[in-house]
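>>> Generate a structure from the sequence data that follows.
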Amino acid sequence: MTEKSTTSSNTPNPNPESNTKLLIPIVITVLAVYITIGISIGILPKFIKQELGFGNLTVGLVIGLQALSALLTRASAGKTTDVLGSKISSRRGILLVLIAGILYMFASSSISIPLLSISLLVLSRIVHGIAESFLVTGMLTWGIGLLGQQNSGKVMTWNGIAMYAGIAIGAPFSLWIVQFGTLFAFTSILVFTFISWIASKGLPIVPVHKGYVRTPFYKVIGKVFPQGIALAFSSIAFACIASFIALLFSQKNWNGASLGFLFFGGSYILTRVFFSSYPDRFGGFKVAMISFLIEIAGQLCIGLSSNGCTAILGCALTGIGFSLVFPSLGVLAIQKITPQMRGTALGAYAAFFDLSLGIAGPVAGLIAGWFSYQTIYFFGAFSCVIAIASLLQSERKEIQAIIN
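Numbers count the residues shown, from 1 in each chain. Prediction:
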């Protein structure tokens, strides 16, 4: 069966039990890929700084390259998804994760030649970012296509759970498995890639809309810009934790760096499980504003912490705050787009998240070099303040447009 040979079985099914059966393989597919991302996040900071001997700026740049490459390929991923189908886009993403894993292994094997090793890491991060772009755009579009527009918030919520559960599992897992060797830890990426491939294999195919005049990518970005820019600034808090929380714990000689990742991911997941209906019940704007305030509290908690327990609490609060930002703003954004352009719209919206991570890593690295690791989290808190201001401004403009 190809993308063109669809049947009535591929139409969205309103049956909750059927929807759950469709969501499970989607969640497993995304979860497995994001475990590989978590593994790389957990290993790379110490590997680059302590084993290869490079500085904080290099750590930030290498970590941020994945998000930057994902950003630059969102348009391509969206077009591939809309034109060739979500299955092809997702499968390409999974194959690229496999290639990234092999490159990580070569980089680890080249530790005796630091310049070669760091060059391979740069290449692997670029490939990993492209893989993430195609996988996430494909799976979000695939899920919404199978479950229907009315369940778009649910699909985004559970995709997000899978994404951050993957990071929450992968980062601590990497800190444990790396004791058996960096090469062995990177090899585990290949295992999770195969799990992702197998999980997505049996999903029904969603039909491709033919004969539709596509809206240029830049115009789609314009439509989702108000929600996207708020997402970008609020995502910096997550980037600060992902890139430098392990180094903060190491510098302060605090135990429990892996707990920082675990509590961030765990609180993120639990918030989505118990409060996933809040954006629909109370409105995306209200939920997003409260979420930003909780994020600010979490970032300040880390920035002002005098011990590891307080920093871990800050990670948990950041996870709670960040949890509902993507679906709250995403549901508002997707309502502006026709179904035929859904993949492109999701790619454009997610590009703001990529932009945030791509910029935040290097900037946070510079801040750490000029000041300290804890100062990074004041930067994260201030970014959330900007997110609040931008969302308030966009809401004011929309109200004025309705009145006029």
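>>> Listing request: residues of the stretch 251-400 of the chain with sub-threshold pLDDT.
334-344, 398-400 (pLDDT under 70).
>>> Spell out the residue ranges of the helices in it.
For the stretch 251-400 of the chain, the helices defined by DSSP state H, counting those that start in this stretch cover 257-275, 278-282, 284-303, 308-323, 325-334, 342-370, 375-403.
>>> Among those helices, which comes closest to Ile130?
Ile130 sits nearest to helix 342-370 of all the helices of the stretch 251-400 of the chain, at 10.8 Å, using CB to CB. For the C-beta atoms, the positions are set from N, CA and C on the backbone; glycine is no exception.
>>> Next, the angle helix 325-334 makes with that closest one.
When axes from the mean of the first three to the mean of the last three CA atoms, to 10 degrees is applied, the directions of helix 342-370 and helix 325-334 differ by 140 degrees.
>>> Distance from helix 342-370 to the middle of the chain?
Relative to the centre of its chain, helix 342-370 is centred 10 Å away, using CA atoms, centre = their mean, to the nearest Å.
>>> buried sites along that helix?
342-365, 367-368 (16 or more other CB atoms under 10 Å).
>>> Need the helices of the stretch 251-400 of the chain in TSV (columns: distance to Leu115).
Shown next, in TSV, are the helices of the stretch 251-400 of the chain (distance: least, CB to CB, whole Å):
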stretch	distance to Leu115
helix 257-275	28
helix 278-282	47
helix 284-303	34
helix 308-323	34
helix 325-334	37
helix 342-370	19
helix 375-403	27
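>>> and Pro204, which of these is closest to it?
Using CB to CB, the helices of the stretch 251-400 of the chain put helix 342-370 closest to Pro204, at 16.7 Å.
>>> just checking, what packs against that closest one?
Judged by 3 or more CB pairs under 8 Å, 6 or more residues apart in numbering; DSSP states H and E, helix 342-370 is in contact with helix 56-72, helix 74-84, helix 114-147, helix 217-252, helix 325-334, helix 375-403.
>>> C-alpha coordinates for the second one, PDB please?
What it means is helix 74-84. Taking Å, rounded to 0.1, in the frame of the first residue of the first chain, the C-alpha atoms of helix 74-84 are listed here in PDB:
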ATOM      1  CA  ARG A  74      11.200  22.500   9.000                       C
ATOM      2  CA  ALA A  75       9.900  23.900   5.700                       C
ATOM      3  CA  SER A  76      11.300  20.800   3.900                       C
ATOM      4  CA  ALA A  77       9.800  18.400   6.500                       C
ATOM      5  CA  GLY A  78       6.400  20.200   6.200                       C
ATOM      6  CA  LYS A  79       6.400  20.100   2.400                       C
ATOM      7  CA  THR A  80       7.400  16.400   2.400                       C
ATOM      8  CA  THR A  81       4.700  15.600   4.900                       C
ATOM      9  CA  ASP A  82       2.000  17.400   2.900                       C
ATOM     10  CA  VAL A  83       3.000  16.200  -0.500                       C
ATOM     11  CA  LEU A  84       4.400  12.700   0.000                       C
END
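>>> That helix: what's the following helix or strand?
Scanning forward in sequence from helix 74-84 by DSSP states H and E, the next helix or strand is helix 86-109.
>>> What angle do helix 342-370 and that following helix make with each other?
Interaxial angle of helix 86-109 relative to helix 342-370 (the same axes, to 10 degrees): 20 degrees.
>>> For helix 86-109, buried residues please.
Neighbour-count burial for helix 86-109, counted by 16+ other CB under 10 Å, picks out 86-94, 96-108.
>>> Ser89 versus Val83, what's the distance?
Computed with CB to CB, to the nearest Å, the distance linking Val83 and Ser89 is 9 Å.
>>> Name all residues that make contact with Leu332.
Leu332 makes contact with 227, 284-285, according to CB atoms under 8 Å, 6 or more residues apart in numbering.
>>> redo that, cut-off 10 Å
Listed by CB atoms under 10 Å, 6 or more residues apart in numbering, the contact partners of Leu332 are 224, 226-227, 230, 279, 283-285, 288, 349, 391, 394-395, 398.
>>> burial count for Asp280?
The local packing of Asp280 (other CB atoms under 10 Å) involves 16 other residues.
>>> Go through the helices and strands packed on helix 342-370 and name the closest to Val155.
helix 114-147 (3.8 Å).
>>> Next SSE downstream of the closest one?
Going down the chain from helix 114-147, the next helix or strand is helix 152-177, by DSSP H and E.
>>> buried stuff in that next one?
So, applying 16+ other CB under 10 Å, buried residues of helix 152-177: 152-175, 177.
>>> Now Gln374: closest residue in space, sequence neighbours ignored.
Gly303 (5.1 Å; CB to CB, 6 or more residues apart in numbering).
>>> can you count the residues close to Gln50?
Gln50 has 11 neighbouring residues, counting by other CB under 10 Å.
>>> Next, the contact list for it, please.
247, 250.
>>> and Gly308, which of the helices and strands packed on helix 342-370 is closest to it?
Of all those, helix 217-252 comes closest under CB to CB, at 6.3 Å.
>>> I figured the residue nearest to Gln374 hits Ile367, correct?
No. Gly303 lies out of contact with Ile367 (CB atoms under 10 Å); the separation is 11.1 Å.
>>> Overlap in contacts, those two.
With CB under 10 Å, 6+ apart, Gly303 and Ile367 have common neighbours 240, 373-380.
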